[in-house]
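> Quick check, what structure comes out for this input:
(2 chains)
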2 protein chains.
Amino acid sequence: MRIRVLKNITSANDAIAAQNKDLLDSHHIIAINLMSSPGAGKTSVILQTIQCLRNKLRFAVIEGDIASKIDADKIDKQGIPVVQINTGGGCSLEAHMITSALKKLPLKNIDLLFIENVGNLVCPAGFALGEHKRVVISSIAEGDDKPIKYPIMFSLADAVVINKIDLLPLQEFDLVGFRKKITDLNPKTTIFEVSCKTGEGIHTWCSWVLGQVQNRSKI
Amino acid sequence: MRIRVLKNITSANDAIAAQNKDLLDSHHIIAINLMSSPGAGKTSVILQTIQCLRNKLRFAVIEGDIASKIDADKIDKQGIPVVQINTGGGCSLEAHMITSALKKLPLKNIDLLFIENVGNLVCPAGFALGEHKRVVISSIAEGDDKPIKYPIMFSLADAVVINKIDLLPLQEFDLVGFRKKITDLNPKTTIFEVSCKTGEGIHTWCSWVLGQVQNRSKI
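Numbering: from 1, shown residues only, chains lettered A, B, ... in the order given. Purely as a prediction, here's the structure:
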């Protein structure tokens, strides 16, 4: 009984996600779903990307959190259109939440939409939102075993951003082994090493983001 | 419909959790449910506690993960009885999983049972397991806004362990503000500051753990 109910929810979610994607496509908007553990740096990556590409792309952001509007306030300060979704206790954004949020955004004036999911390495893997790309952010501070412990999330990622690379000298973290664990699960994914604190690697990541928008007719 | 189904699941879980607690009580075992984001240091805290108190207490551990037995192997190397639970995609341990695991542990020879939950700051708050104490571990690297973003988890905690305190000089982290956010949500919780890397604060935490077992008749 329980499995059937959850399957129904997933099917319904997928149908709404497909509608979201159609709406985004009709406006030539590329949407990137950012997923990570709490505190891995999703908002920091968004802020760095805005700083890097704001002269080339028109951004918007949907922020997902259990509670608070801390992250939306940070985006709003940059003058970027943003919608905060609070899930209450929900452990992931779901497609219908994105449908509601899209109604509040100026779709005619957006090239790239970041969707910052709830901080969670499990649930968001189960809910398509209508995004074009899924990006997992993983922090050096979390340790190098995360792809083994949370394989579904890493298997689905179009790109993995390894953040807080500045902490590498201070941590027991096998970077080569970490990259291998990811590519063993997901050979096609693109891996970036960045530090939102020092700016290291941000330019390479931003080039990839820009490429997604420039190639949008092919997606 | 969906809400009703989830409520039924929760009620069933609570009933099984109560049975688990009865079984633990009949063997005078104190169970501590450790919850955190991925990579905050649950296993490291367990290993440090074992090192600190293994001459005073008989330990056992239940390890919860989506996949892998990495953490169970670390505990096993210490000669401590351990059971690994893999949830597949499930974002929390649930009471029935603990029931199964308890059957595999030498209950007559345990004083303290650590239950390391799935790395997740959301789902585990919704599933009682039969534990006597709930402890949230939060890493300095995750940032100081977590109690605001994940209030349910912090509201339920009997204790909060702030781990990786050695990273404090390297992070923008308002420790006083962080403590205030926790106590605003949960005035009765006990807060510890530790570094599993340097050992700072571990003794104070271990004294609290020992106290839980020594006072078990009062719980």
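
> what does chain A put close to chain B?
Chain A has residues A:1-2, A:5, A:9, A:37-40, A:65-68, A:70, A:89-91, A:118-123, A:125-126, A:139, A:141-143, A:145-146, A:148-152, A:164, A:167, A:170 near chain B, with proximity defined as C-beta under 8 Å from any C-beta of the partner chain. For glycine as for every other residue, the C-beta is placed from the backbone atoms N, C-alpha and C.

> secondary structure element for residue A:83?
strand A:82-86 (DSSP states H and E).

> Now the element after that strand, going C-ward?
helix A:95-102.

> Assess the claim that residue A:108 and residue A:28 are in contact.
No. The criterion here is C-beta atoms under 8 Å, and residue A:108 misses it with residue A:28 at 9.7 Å.

> Pick out whichever of those two has more residues nearby.
The residue with more neighbours, out of residue A:108 and residue A:28, is residue A:28; 13 against 9, by other C-beta atoms under 10 Å in any protein chain shown.

> helix/strand/coil for that one?
Residue A:28 falls in the coil class when you classify it by DSSP: H, G, I helix; E, B strand; the rest coil.

> That one contacts residue A:113, doesn't it?
No. The pair residue A:28 / residue A:113 is not scored as a contact, 11.2 Å apart, by C-beta under 8 Å.

> just to revisit the earlier point, so what's the gap between the strand holding residue A:83 and the chain middle?
Strand A:82-86 sits 14 Å away from the centroid of its parent chain (C-alpha atoms, centre = their mean, to the nearest Å).

> Would you indicate which residues of that strand are buried?
Under the neighbour-count criterion of 16 or more other C-beta atoms under 10 Å in any protein chain shown, strand A:82-86 has A:82, A:83, A:84, A:85, A:86 buried.

> how close does the last one get to residue A:207?
Yep, that's residue A:86 we're talking about. As judged by C-beta to C-beta, to the nearest Å, residue A:86 and residue A:207 stand 33 Å apart.

> Local confidence estimate at residue A:10?
Residue A:10 carries a pLDDT score of 76 in this model.

> quick one: it is in a helix?
Yes. Assigned with three-state DSSP, residue A:10 falls within a helix.

> Might you report the residue contacts of it?
Residues near residue A:10 by C-beta atoms under 8 Å, 6 or more residues apart in numbering or on different chains: A:126, A:127.

> That one and chain B, how far apart?
Separation of residue A:10 from chain B (C-beta to the nearest C-beta, to the nearest Å): 11 Å.

> Quick one: the helices in chain A, in order.
For chain A, the helices defined by DSSP state H occupy A:2-26, A:42-53, A:70-76, A:95-102, A:146-149, A:151-155, A:175-185, A:202-214.

> Mind listing the residues bridging to the spatially most central residue of chain A?
The centroid of chain A falls nearest to residue A:34 when counting by C-alpha atoms, centre = their mean (0.7 Å). In this entry, residue A:34 is beta-bridged to residue A:116, residue A:135, by DSSP bridges.

> Contacts only, for it.
By C-beta under 8 Å, 6+ apart, the contact list for residue A:34 reads A:42, A:45, A:46, A:114, A:115, A:116, A:117, A:135, A:137.

> what residue ranges in chain A are flagged as low confidence?
Along chain A, segments meeting pLDDT under 70 span A:1-7, A:217-219.

> could you flag which of the residues of chain A next to chain B are buried?
A:9, A:37-40, A:65-66, A:68, A:90-91, A:118-123, A:125-126, A:139, A:141-143, A:145-146, A:148-152, A:164, A:167.

> ok, residue A:160 touching residue A:194?
No. Using C-beta under 8 Å, residue A:160 is not in contact with residue A:194, being 10.8 Å away.

> Nearest spatial neighbour of residue A:92, chain-adjacent residues omitted?
What sits nearest to residue A:92 in space, not counting adjacent residues and going by C-beta to C-beta, 6 or more residues apart in numbering or on different chains, is residue A:123, at 3.8 Å.

> Identify the residues contacting the closest residue to residue A:197 other than its chain neighbours.
Closest residue to residue A:197 apart from its sequence neighbours, by C-beta to C-beta, 6+ apart: residue A:166 at 5.4 Å. Residue A:166 makes contact with A:195, A:197, A:198, A:200 under the criterion C-beta under 8 Å, 6+ apart.

> And the closest residue in space to residue A:108 that isn't next to it in sequence, how far from chain B?
With C-beta to C-beta, 6+ apart as the criterion, residue A:108 has its nearest non-adjacent residue at 6.5 Å, and that residue is residue A:27. Computed as C-beta to the nearest C-beta, the residue A:27 to chain B distance reads 30 Å.

> Can you get me a residue count around residue A:27?
The tally of other residues near residue A:27 (other C-beta under 10 Å) stands at 15.

> Please give me every residue in contact with it.
Applying C-beta under 8 Å, 6+ apart, one finds that residue A:27 lies in contact with A:107, A:108, A:110.

> hmm, 10 Å instead?
If you count contacts by C-beta atoms under 10 Å, 6 or more residues apart in numbering or on different chains, residue A:27 has them with A:102, A:105, A:106, A:107, A:108, A:109, A:110, A:111, A:113.

> Just the CA trace of stretch A:70-90, in CSV.
Output of stretch A:70-90 as CSV, limited to C-alpha atoms (Å, rounded to 0.1, in the frame of the first residue of the first chain):
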residue,chain,number,x,y,z
ILE,A,70,18.0,33.9,4.7
ASP,A,71,19.2,32.7,1.3
ALA,A,72,16.5,34.6,-0.7
ASP,A,73,17.5,37.8,1.1
LYS,A,74,21.2,37.3,0.0
ILE,A,75,20.0,36.9,-3.6
ASP,A,76,17.6,39.8,-3.4
LYS,A,77,20.5,42.1,-2.3
GLN,A,78,22.1,41.4,-5.6
GLY,A,79,19.1,42.8,-7.4
ILE,A,80,18.3,39.3,-8.8
PRO,A,81,14.6,38.1,-9.0
VAL,A,82,14.1,35.5,-6.4
VAL,A,83,11.3,33.4,-4.9
GLN,A,84,11.7,31.7,-1.5
ILE,A,85,9.8,28.4,-1.0
ASN,A,86,9.5,27.1,2.6
THR,A,87,8.6,23.4,2.6
GLY,A,88,7.7,23.3,6.3
GLY,A,89,9.0,19.8,7.1
GLY,A,90,9.3,18.6,3.5
